[in-house]
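**Student:** sequence unknown, structure follows:
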């Protein structure tokens, strides 16, 4: 359903600032896969998600979704196939608009939009139904401006907005990293519920190795723009943090370090 073939991305090519962020990545993602993505700082995790989203065009290689080659599609065109939640809760919503207005925009993702911000009555019922699954009481605050919400509430709203049109692929880029631990866990619980309920194909970048192990059915590790580990099924279920560290250091030809901050 999502196929990435020999994807490379070089920033500032042929200059002293040249950076090879992605180095020949190949990945086949089946429908319904929930893949967690880990790697040290600078491994290419966010660059990888940005390449799928169309934030930039690959230097070489191809990306296809449901058999359609989207390699040269700009970000706005890919939006009809993708849902996305960013690390910063402020990026997924418009502060000056109300909750229902934000959701109305999300409902029209990939479709032609008019100039009005009016919300239809039948859509309000849908929004209430969607928001009630969060358990945060937002279904009773449809006319509140999003700027009045906490970071956790905005991220929960963004999750609903990103998934309400059942995207082909959901991209989660460290979407709990900016939240306190309690709120972050709430967002993870919501993520797990929504992804499994709607059987969404999902790629989730995280620095937290416990999250990477405990969530999803598949885990990949990036290092210097390459996939160095791809593990799924029963093998993934039996993983421990120490196992991931050992594999990482073995790949680098080093001894296992006890410092877990490498991925934080």
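**Tutor:** That came in fine, so what should we check first? Note that the structure is a prediction, hence the values are computed from the model and not measured. Numbers count the residues shown, from 1 in each chain.
**Student:** where does the prediction get shaky in the stretch 1-150 of the chain?
**Tutor:** Within the stretch 1-150 of the chain, the segments meeting pLDDT under 70 span 110-118.
**Student:** please redo it, this time with the cut-off set to 50
**Tutor:** Within the stretch 1-150 of the chain, no stretch has pLDDT under 50.
**Student:** show me where it has helices.
**Tutor:** Assigned by DSSP state H, counting those that start in this stretch, the helices in the stretch 1-150 of the chain fall at 45-53, 75-78, 99-107, 121-132.
**Student:** mind checking how far the third one is from the chain centre?
**Tutor:** Distance, stretch centre to chain centre, for helix 99-107: 20 Å (C-alpha atoms, centre = their mean, to the nearest Å).
**Student:** what packs against that helix?
**Tutor:** Using 3 or more C-beta pairs under 8 Å, 6 or more residues apart in numbering; DSSP states H and E as the contact test, the elements touching helix 99-107 are helix 121-132, helix 151-163. Every C-beta, even on glycine, is put in place using the N, C-alpha and C of the backbone.
**Student:** run through who's touching it.
**Tutor:** Contact with helix 99-107 is made by 93-94, 97, 113, 117, 119, 123-124, 126-127, 130-131, 138, 141-144, 146, 149, 157, 160-162, 164-165, as judged by C-beta atoms under 8 Å, 6 or more residues apart in numbering.
**Student:** one step back: pick the most deeply packed of the helices and strands packed on helix 99-107.
**Tutor:** helix 151-163 (a mean of 23; mean count of other C-beta atoms under 10 Å).
**Student:** so which elements touch it?
**Tutor:** strand 82-85, helix 99-107, helix 121-132, helix 181-197.
**Student:** so where do the strands sit in the stretch 1-150 of the chain?
**Tutor:** Counting by DSSP state E, counting those that start in this stretch, the stretch 1-150 of the chain has strands at residues 2-11, 19-29, 34-39, 60-65, 68-69, 82-85.
**Student:** in its sheet, what does the third one sit against?
**Tutor:** Strand partners for strand 34-39, identified by DSSP bridges, are recorded as strand 202-205 (parallel), strand 218-223 (parallel).
**Student:** do the same with the first one
**Tutor:** The sheet places strand 2-11 alongside strand 19-29 (antiparallel), strand 60-65 (antiparallel), with pairing taken from DSSP bridges.
**Student:** wait, which of these is closest to residue 185?
**Tutor:** Among these, strand 19-29 comes nearest to residue 185, with 26.0 Å by C-beta to C-beta.
**Student:** now do that closest one against helix 45-53, angle only.
**Tutor:** Angle of strand 19-29 versus helix 45-53, following axes from the mean of the first three to the mean of the last three C-alpha atoms, to 10 degrees, is 60 degrees.
**Student:** surely residue 209 touches residue 38?
**Tutor:** Yes. Shown here, residue 209 and residue 38 form a contact pair, counting by C-beta atoms under 8 Å, at 6.2 Å.
**Student:** okay, now residue 211: neighbour count?
**Tutor:** 19 (other C-beta atoms under 10 Å).
**Student:** would you say it is within a helix?
**Tutor:** Yes. Judged by DSSP: H, G, I helix; E, B strand; the rest coil, residue 211 forms part of a helix.
**Student:** which ones are touching it?
**Tutor:** 36, 176, 188.
**Student:** take those and write them to CSV, including neighbour count and distance to residue 83.
**Tutor:** Listed next are the contacts of residue 211 as CSV, based on neighbours: other C-beta atoms under 10 Å; distance: C-beta to C-beta, whole Å:
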residue, neighbour count, distance to residue 83
36, 24, 17
176, 25, 16
188, 20, 17
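**Student:** nearest to residue 217, of these?
**Tutor:** Distances from residue 217 to the contacts of residue 211, taken by C-beta to C-beta, are shortest for residue 36, at 9.3 Å.
**Student:** does that closest one touch residue 216 like I think?
**Tutor:** Yes. Using C-beta under 8 Å, residue 36 is in contact with residue 216, at 4.7 Å.
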